[in-house]
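Peer 1: need a structure here:
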Amino acid sequence: MSEIENKIEVERVNARKECDINGANSAECAAAWDAVEELQAEAAHQRQSKPKNNFEKYCDDNPDALECRVYDD
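Peer 2: Numbering: from 1, shown residues only. Next comes the predicted model:
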């Protein structure tokens, strides 16, 4: 499991506890499930990101290289 998946599982367990303690209609329960949803959205976003190509990796390592300079108009 990745780090974010572990965080999702921890938050899911916490959300279930909050709902058991405070009730399913409580603000604490809703907030706990909101935290789970935010982490799930971030995980989906990370899966959607495309990997960097070799040129992008080169520019990350060598930002001052002529090929990697970006000029603002």
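
Peer 1: identify the residues contacting the nearest residue to Ala43 once chain neighbours are set aside.
Peer 2: In space, and not counting its chain neighbours, Ala43 is closest to Ile4: 4.8 Å by CB to CB, 6 or more residues apart in numbering. From N, CA and C alone the C-beta is placed, and that goes for glycine too. Listed by CB atoms under 8 Å, 6 or more residues apart in numbering, the contact set of Ile4 reads 39, 42-43, 46.

Peer 1: just checking, what packs against the longest helix along the chain?
Peer 2: In the chain, taking DSSP state H as the definition, the longest helix is helix 27-48. Judged by 3 or more CB pairs under 8 Å, 6 or more residues apart in numbering; DSSP states H and E, helix 27-48 is in contact with helix 3-22.

Peer 1: rounded mean pLDDT for the helix it packs on, please.
Peer 2: For helix 3-22, the mean per-residue pLDDT is 94.

Peer 1: same check on stretch 36-56?
Peer 2: Averaged across stretch 36-56, pLDDT comes to 90.

Peer 1: give me every residue that touches the one residue sitting closest to the centre of the chain.
Peer 2: What sits nearest the mean C-alpha location of the chain, by CA atoms, centre = their mean, is Glu42, with 3.1 Å. Neighbouring residues of Glu42 by CB under 8 Å, 6+ apart: Ile4.

Peer 1: any idea how far it is from Trp33?
Peer 2: Computed as CB to CB, to the nearest Å, the Glu42 to Trp33 distance reads 15 Å.

Peer 1: how about Phe55?
Peer 2: From Phe55 to Trp33 the distance is 42 Å (CB to CB).

Peer 1: more neighbours, those two?
Peer 2: Trp33 (18 against 10; other CB atoms under 10 Å).
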